[in-house]
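>>> Starting from these lines, generate the structure:
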Amino acid sequence: MVRQFNKNIDEQKVAAEFAIRRAKINRLAVIVGVIVGAAIILLYQGLASNAITMILLVVVFISAAYVNMKVWRCPLCNGHLGKLYLGLKEPKYCPNCGIKFIEERPMIAPDE
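Numbering: from 1, shown residues only. Alright, predicted model coming up:
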């Protein structure tokens with residue numbers, strides 16, 4: 001169900017806030033990747049026990065899920081934006097209120 005929003009909303013401000021939130025999620029993905037990679041290396045090298053590594057990975061997973069639930073939301077209606085594909089498939093519109101996040105650019109044929 002798509003909610004109606006106030007027509008006086010500045011879509012550029014909403015799109016800018018969405019870009020900020022998307023950047024936060026991308027930074028989180030890099031941090032999680034580095035921590036998971038470091039945990040695997042420490043485990044492989046024998047510098048950390050299995051229990052410590054598993055606790056670290058569980059804490060990282062829970063923290064990432066929490067941040068995803070808090071940050072990956074529509075700036076206008078605060079509805080969750082659904083699955084996160086880390087840049088592979090980003091929402092162009094909010095599935096809840098329908099506000100546009102990303103301006104669709106027409107495909108331009110190269111000059112011949």
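>>> correct me, but Arg73 touches Arg21?
Yes. Counting by CB atoms under 8 Å, Arg73 does reach Arg21; the two are 7.3 Å apart. (C-beta placed from N, C-alpha, C; glycine too.)
>>> Now the phi/psi pair for Ile35, please.
Note on Ile35: its backbone torsions stand at phi -70, psi -40 [degrees, to the nearest 10].
>>> Give me the pLDDT for the residue nearest in space to the middle of the chain.
The chain has Ile25 as the residue nearest its centroid, 3.7 Å off, counting by CA atoms, centre = their mean. Listed pLDDT for Ile25 reads 82.
>>> which strands and helices sit next to the helix or strand in which it is found?
Ile25 is part of helix 11-45 when elements are defined by DSSP states H and E. Helix 11-45 sits against helix 50-71, with contacts defined as 3 or more CB pairs under 8 Å, 6 or more residues apart in numbering; DSSP states H and E.
>>> where does the helix it packs on sit relative to the chain's centre, distance-wise?
15 Å (CA atoms, centre = their mean, to the nearest Å).
>>> Which strands and helices lie in contact with it?
helix 11-45.
>>> coming back round to it: Lys70 is in contact with the residue nearest to the centre of the chain, correct?
No. Between Ile25 and Lys70 there is no contact under CB under 8 Å: 10.6 Å.
>>> I'd guessed Ala39 sits against Ala51; true?
No. Contact criterion CB under 8 Å: Ala39 and Ala51 do not qualify, at 12.0 Å.
>>> Many thanks, I have nothing further to ask.
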